[in-house]
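Peer 1: Got a sequence here, can you build the structure:
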Amino acid sequence: MSPFFNILLPLFLSTLATAASAASDRKCYSLNGTELDSTFRPCNPNAQHSGCCATNRRTGSPDICLDSGLCMVTGGEYVGTIWQAGCTDPSGRDKGCPRVCPVDASSSPPSTPPPLLIAWNIQPCDLGTYCCRTSTDRRSCCANPSAAKFQASSLGSILFPPSINNAVTEPSPSPSLSSANPNAQDGDVRATARSTGSPISLSTTPTNPPSDSPLSDCPSTAASFSSSSNTAKITGAVGGTLGFVIICLCALLFWMYKCERRQRRLKEHYEEQFGQNWAWRRTVVVGSEEGLVRSGSEKGGEENVDEVADVEEGAEGGDGGIGGGRKAGEGRRVG
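Peer 2: Numbering: from 1, shown residues only. Okay, here's the model as predicted:
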């Protein structure tokens, strides 16, 4: 091992130990200024002040920090729930503290938190919007005009929380990175997490939240998505009905076209047959030199046949008279 490496390794380990010790000495405070227990750690231990999340759970899955200062629960009943709570600044006025949700409904942070406010619960609404409600409020804040609302882009991205005192557990292959443990005590969602890392999949072993955790007073996140699920079902039902109506109309139009086409062909067929049976036409009779002409139907009635026979006999008699006259004249000329 080179002397250069022998010098750098102790220095690096000493730096890590100092940073871990300093971070472990940093206290986290809830929104009302009360000190949180050792479960909560700063999301950015290198900053002067940082949001705190429950990344030091000794049982169950730890929470993860978002770069917006929010915390996401990664296990238990409230998996996927997002919170804003906790900062290393007791007053919450430092710019390093999370400010996604206001301190109360009528003011924007930083301001003095209400005495009973421990954490904010982030509730999803329709059209990619979210709203803030207190951790003890079970009512939906989506329809509340006084509730603070923001877009999904303000949630931030999921990052590894700082691994202090082996707080972060091994990644599990089963759950997705949207998992989160509700065991975070209302201080899980307030963090400007600037620690390096990438999105992860964490284990989701169910654990019961502590009895003093405000999360026990909040409904599951699944109920928050019920309105979106109902909207999707209604949209699907309307789309299916419209599609069925369009198909029926197309079938009706095709059937009408086939009927009209069949009627037209029958009409043409009848007209053709009628024209062949009843149409009148002229017939030339071979007879006298004058070229006698007669008329008759295509079928030929009996009266017409008799008349034509009489005409033909007369024509033959006329021809005989004319022939006899010619012979007599020729006899006179010879004599």
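Peer 1: Now residue 157: closest residue in space, sequence neighbours ignored.
Peer 2: With sequence-adjacent residues excluded and distances taken as C-beta to C-beta, 6 or more residues apart in numbering, residue 157 is closest to residue 67, at 5.5 Å. Any C-beta I mention is one placed from the backbone N, CA and C, and that applies to glycine too.
Peer 1: Read off the pLDDT value for the one you found.
Peer 2: Residue 67 carries a pLDDT value of 82.
Peer 1: Now for it, how many residues are close by?
Peer 2: 17 (other C-beta atoms under 10 Å).
Peer 1: State the distance from it to residue 269.
Peer 2: Residue 67 sits 81 Å away from residue 269, going by C-beta to C-beta, to the nearest Å.
Peer 1: Flag the shaky bits of this protein, pLDDT-wise.
Peer 2: Within the chain, the ranges that satisfy pLDDT under 70 run 1-25, 103-117, 158-228, 274-335.
Peer 1: top helix in it by residue count?
Peer 2: helix 226-278 (DSSP state H).
Peer 1: Specify the local secondary structure of residue 33.
Peer 2: Under DSSP: H, G, I helix; E, B strand; the rest coil, the three-state class of residue 33 is coil.
Peer 1: Tell me the secondary structure of residue 121, please.
Peer 2: Applying three-state DSSP: residue 121 is strand.
Peer 1: To what extent is it buried, counted in neighbours?
Peer 2: 29.
Peer 1: residue contacts, it?
Peer 2: With contact set as C-beta atoms under 8 Å, 6 or more residues apart in numbering, residue 121 has these partners: 81, 82, 83, 132, 133, 134, 135, 137, 218.
Peer 1: Whichever of those residues end up buried, select them in ChimeraX.
Peer 2: Filtering those down to the buried ones (16 or more other C-beta atoms under 10 Å) takes a single ChimeraX command:
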select :81,82,83,132,133,134,135,137,218
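Peer 1: Could you single out the nearest of the contacts of residue 121 to residue 153?
Peer 2: Here the nearest of the contacts of residue 121 to residue 153, counting by C-beta to C-beta, is residue 82; it sits at 13.8 Å.
Peer 1: hang on, the closest one packs against residue 70?
Peer 2: Yes. In this structure residue 82 lies within contact range of residue 70 using C-beta atoms under 8 Å: 5.3 Å.
Peer 1: Was I right to think residue 74 contacts residue 65?
Peer 2: No. Taking contacts as C-beta under 8 Å, residue 74 lies outside contact range of residue 65: 11.1 Å.
Peer 1: give me the number of residues near the residue nearest to residue 82 when sequence neighbours are not counted?
Peer 2: Nearest non-adjacent residue to residue 82, counting by C-beta to C-beta, 6+ apart: residue 122, 4.0 Å away. Per other C-beta under 10 Å, the neighbour tally for residue 122 reads 24.
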